[in-house]
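**Q** Show me how the following folds:
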Amino acid sequence: MSAPVVRRRVWGLGLMLLVVSGALGLLGLAVGSTGMESLLSLWSDDLAWQIVVDIRAPRTLGAWTAGALLGLAGAVAQGLFRNPLADPFLLGSASGASLGVALVLAFLGVSPFAGEWMVRLGLTGAAFAGAVGAVLLTLALAKGVQHTMRLLLAGVVVSMVLGALTSLLTLRVPEILPAMQAFMLGSTGFVAWSAWWLMAVALAVGLVLAWGMSRVLDGLSLGEATAQSLGLPLAPLRAALVGVLAMATGTAVAQTGLIAFVGLAAPHLVRAVVKTTHARLVVLSAAMGGTLLLGADVMARGVMAPQEIPVGVLTAVLGGGYLLWLMHRRHG
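**A** Take a look at the predicted model:
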């Protein structure tokens, strides 16, 4: 495929994602517990407009930003491990975040959806610390980032062990089970403006760092020997990419809980439209992840209103269906 064709497809996909995200954002402002409402009627009602500004707007922006973080992390993980089935939770961050939340719930006895900012800060902080701690433990077991396969296996081991510890803790303190279930299913319903700002800053930093190190991902896609022949300092740059992966995943999980398949499917969907370098792939994957999670969030609110479907359940069903269709198509 020639360079002008690739460039046109990249710009076309980016523009399409921007338009779809804008349309979904307007829907996100209009969809509430009673289903679809008119934005014009909300404008004339002070109380309804306050709900839009304080609840729906940060939730809508937060859903897009969390999805963008997961999409970015998925593109980095798949490039770093040279595996199209790699996802952002591969280094144990999901299990670490779950254990951190379980420890706070067990020892402090708080609900994850209480309104006090101190409680939210404690839970989100515990989830972020648990996610980053799990990644650091994986790095310690793998003895650094020099060997990709060892890092991958260490991530699997850490995920299993921390997941088992979380299960033991919930058995020991069964009162935290409903709260843990809510965290495991994922939700964007409690994202406030402060949480959105935090995710937006993490996304901006992650995009800049991943874009700046995209040459490493391009080199690794051609093999270790090729990447080394380019004269790139692989060890420090690979460690920096693991840091971007941990930061993006930990920030998203801390604010929204565990949301599956977004980080795995977003880079797949981008590559299905255009084959391009990682400099463009990480940006498009972030935009695709944000669009996917925002669309799932709007569906979760509106399909069974006033009852809300956990957005993590919806993304798992839709993402799993997409991957099964992709496997069937490739097999055929």
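**Q** and the helix or strand residue 19 falls within, what's its mean pLDDT?
**A** Assigned by DSSP states H and E, residue 19 belongs to helix 3-30. Summarised as a single mean, pLDDT over helix 3-30 is 88.
**Q** cool, stretch 243-252 as well?
**A** The average pLDDT for stretch 243-252 rounds to 89.
**Q** got the contact list for it?
**A** The contact list for stretch 243-252 (Cβ atoms under 8 Å, 6 or more residues apart in numbering) reads 66, 69-70, 72-73, 76-77, 80, 88-89, 91, 93-94, 97, 127-128, 131-132, 135, 198-199, 202-203, 205-206, 209-210, 213, 259, 263. The way it works is simple: take the backbone N, C-alpha and C, and place the C-beta from them, glycine included.
**Q** now do 6 Å
**A** With contact meaning Cβ atoms under 6 Å, 6 or more residues apart in numbering, stretch 243-252 is reached by 66, 69-70, 72-73, 76-77, 88, 93, 128, 131-132, 135, 199, 202, 206, 209-210.
**Q** where does the most centrally placed residue in the chain land in three-state SS?
**A** The centre of the chain sits closest to residue 70, judged by Cα atoms, centre = their mean, with a distance of 2.4 Å. Classification of residue 70 using DSSP: H, G, I helix; E, B strand; the rest coil returns helix.
**Q** if we can go back for a sec, give me the helices and strands touching the helix holding residue 19, please.
**A** Where contact means 3 or more Cβ pairs under 6 Å, 6 or more residues apart in numbering; DSSP states H and E, helix 3-30 is packed against helix 278-302.
**Q** What residues of the next helix or strand after the helix it packs on count as buried?
**A** Later in the chain than helix 278-302, the nearest helix or strand by DSSP H and E is helix 311-331. For helix 311-331, the neighbour count (16 or more other Cβ atoms under 10 Å) marks 311, 312, 313, 314, 315, 316, 318, 319, 322 as buried.
**Q** can you tell me which of these lies nearest to residue 148?
**A** For the buried residues of helix 311-331, the residue nearest residue 148 by Cβ to Cβ is residue 319; the value is 24.5 Å.
**Q** What about the nearest residue to the closest one once chain neighbours are set aside, how many residues nearby?
**A** Closest residue to residue 319 apart from its sequence neighbours, by Cβ to Cβ, 6 or more residues apart in numbering: residue 261 at 2.5 Å. The number of residues packed near residue 261 is 25, by other Cβ atoms under 10 Å.
**Q** can you check residue 287 too?
**A** 24.
**Q** if I look at it, how far off is residue 196?
**A** For residue 287, the distance to residue 196 equals 17 Å [Cβ to Cβ, to the nearest Å].
**Q** and if you look at residue 275?
**A** Noted for residue 275: a distance of 33 Å to residue 196, by Cβ to Cβ.
**Q** what does residue 264 give?
**A** 24 Å.
**Q** that older thread, correct me if wrong: the residue nearest to the centre of the chain contacts residue 263.
**A** Yes. Residue 70 is in contact with residue 263 according to Cβ atoms under 6 Å; the separation is 3.9 Å.
**Q** Can you give me the distance of the residue nearest to residue 78 when sequence neighbours are not counted to residue 263?
**A** Ranked by Cβ to Cβ, 6+ apart and with sequence neighbours excluded, the top spatial neighbour of residue 78 is residue 86, at 4.7 Å. Shown here: residue 86 relative to residue 263, a distance of 9 Å by Cβ to Cβ.
**Q** Looking only at neighbour counts, state which of the two leads.
**A** For the pair residue 86 and residue 263, the greater number of neighbours falls to residue 263 (34 against 24), based on other Cβ under 10 Å.
**Q** my read is the more buried one is in a strand, agree?
**A** No. Looking at residue 263 with three-state DSSP, it is helix, so not inside a strand.
**Q** what are the ranges of the strands in the chain?
**A** All strands of the chain, identified by DSSP state E, fall at 31-32, 35-36.
**Q** To what extent is residue 190 buried, counted in neighbours?
**A** Using other Cβ under 10 Å, residue 190 has 21 other residues around it.
**Q** Use 55 as the first number from now on
**A** OK, 55 is where the count begins now, so the last one is residue 244.
**Q** And it, its phi and psi?
**A** In terms of degrees, to the nearest 10, the main-chain angles of residue 244 are phi -120, psi 20.
**Q** got a pLDDT number for it?
**A** What the model reports as pLDDT for residue 244 is 80.
**Q** now residue 288
**A** So, for residue 288, pLDDT stands at 71.
**Q** does residue 334 really touch residue 61, like I thought?
**A** No. With contacts defined as Cβ under 6 Å, residue 334 does not count as touching residue 61, sitting 9.2 Å away.
**Q** joint contacts of residue 124 and residue 317?
**A** Common neighbours of residue 124 and residue 317, counting by Cβ under 6 Å, 6+ apart, are residue 142.
**Q** Residue ranges in the stretch 155-304 of the chain under the pLDDT threshold?
**A** Flagging of the stretch 155-304 of the chain using pLDDT under 70 yields the residue ranges 163-176, 198-200, 276-286.
**Q** How are the helices of it distributed by residue range?
**A** Assignment of helices within the stretch 155-304 of the chain using DSSP state H, counting those that start in this stretch yields the ranges 171-196, 202-226, 231-239, 247-266, 268-275, 278-283, 288-310.
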